[in-house]
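Asker: No sequence on hand, only this structure:
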C-alpha cells in the first residue's frame, strides 16, 4: 500500500513488515522500522508525521513522528484488518474481516461501528457512559459526541451503574464486573465469584453508594458487594442457563425489585439482603422494571408484556402493548415516560402510565436514561446513540435532519432544519 500525505512525503508498505519513506517526492527512499515482520495490509497518513498501519490478528500501529517510533493501538478485535483511512486529522476508519471501526481522536482510540449498545447511564449532568457488545463509550457533553473507553477485558457489557460521578461499575458476559474511579476513563476487573458453568452472565446492576451494590444475571444469580467491589458474595438458584434475572431496581436504600425469566419478580425490603417472590400473573420473560414510588411500578418484557402495580407489587395487572419484546422503561417525572422495544416500537405516557400511546419511530432503542426533564439519552443496535431534546433547546447549535413528526429524529448534516415535534436526535455518520 502507498500513502502520500503531501507532494514530497510518502510511504509504501507490504510484506514482512517492510515500509519505506520518501521526502523528495519519490526520488529516493529510506527504510522505516515498523517493529513487525508480518504483512502490512494497508497504511494511511493524515499528515507527514501521523499515520496508521494495519495487519493480521487485529494489528493496528500508530506513529506521530514520521515513522521513527510506532505504538500498538488496541481495537478489541483479533480479526485481520484489511484497510484503514483518515477522513481528516481526527476521524479515521478501518475494516476487519467482519467489522468496521471508527476513531475520532486521530487513531488513538477505536469503537466498533456495528456494536449493539445495551445500556446507558449518567455519572453527572454532562458525563454519560454507554455499554454494549465489546465496547464501552463515554460522552462528556451530554451525549452529543462519544469516545471509546476500553476496559482491559473485552466482553459483551449489559449494564452499568454510577453511584457517584467518579465511581461506576459495568457488568456483562463471562461473569465480568469492572470498576472505574475516573468517570469511565479506565476500568479495573472485579472478582464477582460468578459460577463457572451453566452460563454466567450479568444482565443488570444497582449501586446504593460507591461501596454497596447488587448485580443479577443468569442461573437466577444475585451477587452483592459492600466494599466497593473488592469482594462479592454470589447466590444462584438454578443450574439452567436459560433462566435469568434481567434487571434490578431500588426505589430507596431498602426497597427494591428484581425481574426475570418466566414472569419472575422478587422484592426486597432490607436493601437486597433477602428477596421474596411476587406473583406477576405472567410467564413471559420480563426484561426491565421501574418504580415511580414505593407503591407504583411497571415491568415489561417478552411479546409486548406490560405489568403494573399500585401496591408495591402485592398484586400486578397485565396488559399487552404491541407484539414486540419490550426492553426499557424510563420516566422524566411522575407523569411523562417512555417504553421501548424491538422492531422500532416506542410508547409514551403523559399520565403516569395510566395510558400508553404508540409513537411513530424509525429505530430501535434498547436503553434510555433521563438526568433532568430536558436532558436524556438512549442507545440501541448498531452503535446507535440518541439525545433527548423535548423543546429543541439544543437545535440552534446542532446539525440536524429534516424528517417526519416522530419524537425521534436523526442528526445528519449542516444546513437542514428539524421537523416540528422532534424530541430525540440520532447521531450518525453520513460519510
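Answerer: Received it, and whenever you're ready, just let me know what you need. The model shown is predicted, which means the values in this text are computed figures rather than measured ones.
Asker: Skipping its backbone neighbours, what lies nearest the residue nearest to the spatial centre of the chain in space?
Answerer: By CA atoms, centre = their mean, the chain has its centre lying nearest to residue 131, at 2.5 Å. Distances taken as CB to CB, 6 or more residues apart in numbering put residue 157 closest to residue 131, at 3.6 Å, once the chain neighbours are dropped. The C-beta positions use only the backbone N, C-alpha and C, and glycine is treated the same way.
Asker: For the helix or strand hosting that neighbour, give me every contacting residue.
Answerer: Using DSSP states H and E, residue 157 maps to strand 157-161. Outside of strand 157-161, the residues within contact range by CB atoms under 8 Å, 6 or more residues apart in numbering are 118-121, 129-133, 135-136, 168-173, 201-207, 213, 215.
Asker: The helix or strand following that strand: partners in the sheet, and parallel or antiparallel?
Answerer: Following strand 157-161 in sequence order, the next helix or strand is strand 168-172 (DSSP H and E). Strand 168-172 sits in its sheet next to strand 157-161 (antiparallel), strand 177-180 (antiparallel), going by DSSP bridges.
Asker: Can you verify the residue nearest to the centre of the chain is assigned to a helix?
Answerer: No - assessed with DSSP: H, G, I helix; E, B strand; the rest coil, residue 131 is strand; it does not lie in a helix.
Asker: State the pLDDT value of it.
Answerer: pLDDT for residue 131: 93.
Asker: can you check residue 402 too?
Answerer: At residue 402 the predicted local confidence, pLDDT, stands at 28.
Asker: cool, residue 88 as well?
Answerer: At residue 88, pLDDT is 92.
Asker: just checking, it touches residue 50?
Answerer: No - Residue 88 is beyond contact range of residue 50, at 11.3 Å (criterion: CB atoms under 8 Å).
Asker: can you give me the offset of the strand holding residue 157 from its chain's centre?
Answerer: Centroid separation for strand 157-161 versus its chain: 8 Å, with CA atoms, centre = their mean, to the nearest Å.
Asker: can you give me the mean pLDDT across it?
Answerer: The model assigns strand 157-161 a mean pLDDT of 95.
Asker: do stretch 290-300 as well
Answerer: 98.
Asker: Return the set of buried residues in that stretch.
Answerer: Residues of stretch 290-300 classed as buried: 290, 291, 292, 296, 297, 298, 299, 300 (neighbour count, 16 or more other CB atoms under 10 Å).
Asker: what's that stretch in contact with?
Answerer: The set of residues external to stretch 290-300 that reach it, using CB under 8 Å, 6+ apart, is 249, 251-252, 255, 257, 259, 265, 280, 286-289, 306-313, 316, 326-331, 334, 337, 339, 341, 352-353.
Asker: Just those: which are in strands?
Answerer: Within the contacts of stretch 290-300, residues falling in strands by DSSP state E are 249, 257, 259, 265, 286-289, 306-309, 326-331, 337, 339, 341.
Asker: Put the buried members of those into a PyMOL selection.
Answerer: Applied in PyMOL, the following selects the buried portion of the ones in strands among the contacts of stretch 290-300 according to 16+ other CB under 10 Å:
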select buried, resi 249+257+259+265+286+287+288+289+306+307+308+309+326+327+328+329+330+331+337+339+341
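Asker: picking that back up, turn the buried residues of stretch 290-300 into CSV, columns for secondary structure.
Answerer: Shown next, in CSV, are the buried residues of stretch 290-300 (three-state DSSP):
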residue, secondary structure
290, strand
291, strand
292, coil
296, coil
297, strand
298, strand
299, strand
300, strand
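Asker: nearest to residue 40, of those residues?
Answerer: Taking CB to CB as the measure, residue 300 is the one of the buried residues of stretch 290-300 closest to residue 40, at 49.9 Å.
Asker: can you tell me how far the closest residue to the closest one other than its chain neighbours sits from residue 352?
Answerer: Spatial nearest neighbour of residue 300, chain neighbours left out: residue 326 (3.8 Å); criterion: CB to CB, 6+ apart. Applying CB to CB, to the nearest Å, the value for residue 326 to residue 352 is 18 Å.
Asker: Next: residue 133.
Answerer: Taking CB to CB, one finds residue 133 at 34 Å from residue 352.
Asker: One more: residue 161?
Answerer: For residue 161 relative to residue 352 (CB to CB), the value is 25 Å.
Asker: contacting residues for the closest residue to residue 261 other than its chain neighbours?
Answerer: Counting by CB to CB, 6+ apart, residue 261 lies nearest to residue 243, which is 4.3 Å off, once chain neighbours are set aside. The contact partners of residue 243, by CB under 8 Å, 6+ apart, come to 218, 219, 220, 260, 261, 262.
Asker: what do you get for residue 203?
Answerer: 158, 159, 171, 216, 217, 218, 244, 245, 246, 247.
Asker: Kind regards, and thank you for your time.
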